[in-house]
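**Student:** take this sequence and fold it.
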Amino acid sequence: MYKFYALCLLLLLASSAHAKLYQWTDEQGNVHFTDSPPLNVDAQEREIKSGKPRTDSVQRLHAEREARVKAKEEAARAAVVSEQEAKNNEVRQKNCDIAKERLRFYTEDAVSRRIRVKQEDGTYYWKTPEDIAKDTKDARKLVAEWCNPPKPPQPDVSLP
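**Tutor:** Below is the predicted model of the structure:
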C-alpha cells in the first residue's frame, strides 16, 4: 500500500514540472500570456517545461562563441600582419630599385668615368679610382641586402 502512495506522490511531483500557459492576442494586436484561458477569446495552449537548463548545450554555445571570437581576433591580427608585410615589401622594393640604380651608376663605363662631388663648403673634388671602387663595393652590398628576400627567422632549437 505504501508503494502505491509513493508512486502517486511521484506522479504528482512529475506532473507539476510541466505548467500550462495560454497565449492570446487582443484587438490592438498585443500578445498576452496567462495561466488560465480567458472567456470568449481564442487562446492557444502552450506548454512550458520547467527544470534545470541543459548545461551541455550552454557550454557548447559558449565554446562556439569563444571560437568565433578567437577566429575574428586571428583574422584581424593576420590582416594587420599582412598589411605591415605589404608595406615592408614596398619599402624593400623601392630600396632595391635605388640600390640597383646606384650600382648601375658606378659600374656603367667605370673605366673611363670620373665622378665629381660637391663638398660642404661648395667646392668640388674628383673621386679617386679607389673611392669609386669602394662605392661600387658598397653599392653591391646594398643590392644584395635589399633585393634578396629576407630569410625567415629560424626557431631556437637549444637543448635543455
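**Student:** so residue 37 belongs to a helix, correct?
**Tutor:** No - going by DSSP: H, G, I helix; E, B strand; the rest coil, the assignment for residue 37 is coil, not a helix.
**Student:** list the contacts for it?
**Tutor:** Residue 37 makes contact with 22, 24, 43, 45 under the criterion CB atoms under 8 Å, 6 or more residues apart in numbering. Quick note: C-beta positions are derived from backbone N, CA and C, even for glycine.
**Student:** adding pLDDT, distance to residue 96 and neighbour count, write those out as TSV.
**Tutor:** What follows is the contacts of residue 37, written out as TSV (pLDDT from 0 to 100; distance: CB to CB, whole Å; neighbours: other CB atoms under 10 Å):
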residue	pLDDT	distance to residue 96	neighbour count
22	84	78	16
24	81	77	15
43	82	79	17
45	84	78	9
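**Student:** any chance of these in JSON lines, plus secondary structure and distance to residue 58?
**Tutor:** Putting the contacts of residue 37 into JSON lines (DSSP: H, G, I helix; E, B strand; the rest coil; distance: CB to CB, whole Å) gives the following:
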{"residue": "22", "secondary structure": "strand", "distance to residue 58": "29"}
{"residue": "24", "secondary structure": "strand", "distance to residue 58": "32"}
{"residue": "43", "secondary structure": "coil", "distance to residue 58": "32"}
{"residue": "45", "secondary structure": "strand", "distance to residue 58": "28"}
